[in-house]
Each structure stands twice: as C-alpha cells, then as structure tokens.
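Trainee: Next one to model:
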Amino acid sequence: IQTNCLLLQLAPKYLHTNSTSHTWPFGAIAELIDNAYDPDVSAKQFWINKTMIKEKLCLTFMDNGNGLDHETMHKMLSFGYSDKTAKKGHVPIGMYGNGFKSGSMRLGKDAIVFSKSESGMCIGMLSQTYLELIGADQIQVPIVCITERNLSSYILFN
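Mentor: This is a model prediction of the structure:
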C-alpha cells in the first residue's frame, strides 16, 4: 500500500470567507479586544484609534500586554491553533484559534501586527492585498523578528 500525504492549503479568498462569521463590525472589534483580555496577554490598557495613511482610513488597536515572540506570533497568525489555558482562575475567551483572523479581516483587507516582547520585536502581516498582488494560490503570512541578541548589533541615531 502506498499513501500520498499532502498538506492542506488555504486559498487567499478564505480570509474574506472566514471574516463573514462576524455579521457586524462591532463583533469583530470585540474579538480583538477579547484577545488583549486573555490571561496569557495580561493587558491592563487597550486603545483604539483611527488615522489616515496614504488617504486610506486605518484602525489601530494597541494594548500594553506581554507581546508576541516569533513562535507566538506564528501561532496567532495560523488558523485553528490555540494553546490558551486558564491562569489563576482567569479563563481565556479565545480557544479556537480563529478570532484574530476573522475579526481583523472583517474590518479590513490587511492587518499588520507590531509586537514587542521580552525577547525582542516582531512584525507579522495578514494581507489580502499582498496575496492578490503576488498572485498567491495559498495564504502566506510574512513574519519578521529581531531578537534581543540581534538588537545589540544595531546603533540607532536620531
């Protein structure tokens, strides 16, 4: 018996399809706020702002939580992955690994995540625009991280 094992793929149009699980924008916003409230994040404050960038309206969501390292960023931007557990009786809201993707894509076509953690800084991008521009046939999520070890190599000037 010979078996051929293939990895499942997610087509870029799935980002839009998945976003329709939120019937209204406030449900999507609540999803993003819930992420900051989860016990592994421990955010004490949360800000939502709107700004114009290159004549496009952009929403920014910011919290003062623990931040994401490369592995955690990858898991958060992956579909269906969640290892959230209760801490000190605080039960996490997110447990299906879909909230950020469905919420952010309900509000717009692109999400860029900037995060700073104890180990360094990471930037991840979930972007329908990018996938359309490169003609992707499956979802690709670029993530760039600078670790504390690499940070000491840079000298910044003002």
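Trainee: In this structure, which helix is the longest?
Mentor: In the chain, taking DSSP state H as the definition, the longest helix is helix 25-37.
Trainee: in it, what counts as buried?
Mentor: Within helix 25-37, the residues scored as buried using 16 or more other C-beta atoms under 10 Å are 28-29, 31-37. (Each C-beta comes from the backbone N, C-alpha and C, glycine too.)
Trainee: what sits against the residue positioned nearest the centre of the chain?
Mentor: Relative to the mean C-alpha position of the chain, the nearest C-alpha, by C-alpha atoms, centre = their mean, is the one of residue 77, at 4.8 Å. Contacts for residue 77 (C-beta atoms under 8 Å, 6 or more residues apart in numbering) come out as 100-101, 113, 124, 126, 141, 143.
Trainee: Report the separation between the spatially closest residue to it that is not a sequence neighbour and residue 59.
Mentor: Closest residue to residue 77 apart from its sequence neighbours, by C-beta to C-beta, 6 or more residues apart in numbering: residue 141 at 4.7 Å. Note on residue 141: its distance to residue 59, by C-beta to C-beta, to the nearest Å, is 20 Å.
Trainee: what's the answer for residue 68, then?
Mentor: From residue 68 to residue 59 the distance is 19 Å (C-beta to C-beta).
Trainee: mind listing the strands for this structure?
Mentor: Here the chain has its strands, by DSSP state E, at 46-53, 56-63, 110-117, 120-127, 143-147.
Trainee: closest one to residue 96 among these?
Mentor: With C-beta to C-beta as the measure, strand 120-127 is the member of these nearest residue 96 (16.6 Å).
Trainee: what comes up buried for the closest one?
Mentor: Neighbour-count burial for strand 120-127, counted by 16+ other C-beta under 10 Å, picks out 120-122, 124-127.
Trainee: quick one on the thing from earlier: in a markdown table, list the buried residues of helix 25-37 along with pLDDT and distance to residue 105.
Mentor: Compiled in a markdown table, the buried residues of helix 25-37 are given as follows (pLDDT from 0 to 100; distance: C-beta to C-beta, whole Å):
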| residue | pLDDT | distance to residue 105 |
| --- | --- | --- |
| 28 | 92 | 8 |
| 29 | 93 | 13 |
| 31 | 89 | 11 |
| 32 | 89 | 11 |
| 33 | 90 | 16 |
| 34 | 88 | 16 |
| 35 | 85 | 14 |
| 36 | 86 | 18 |
| 37 | 84 | 21 |
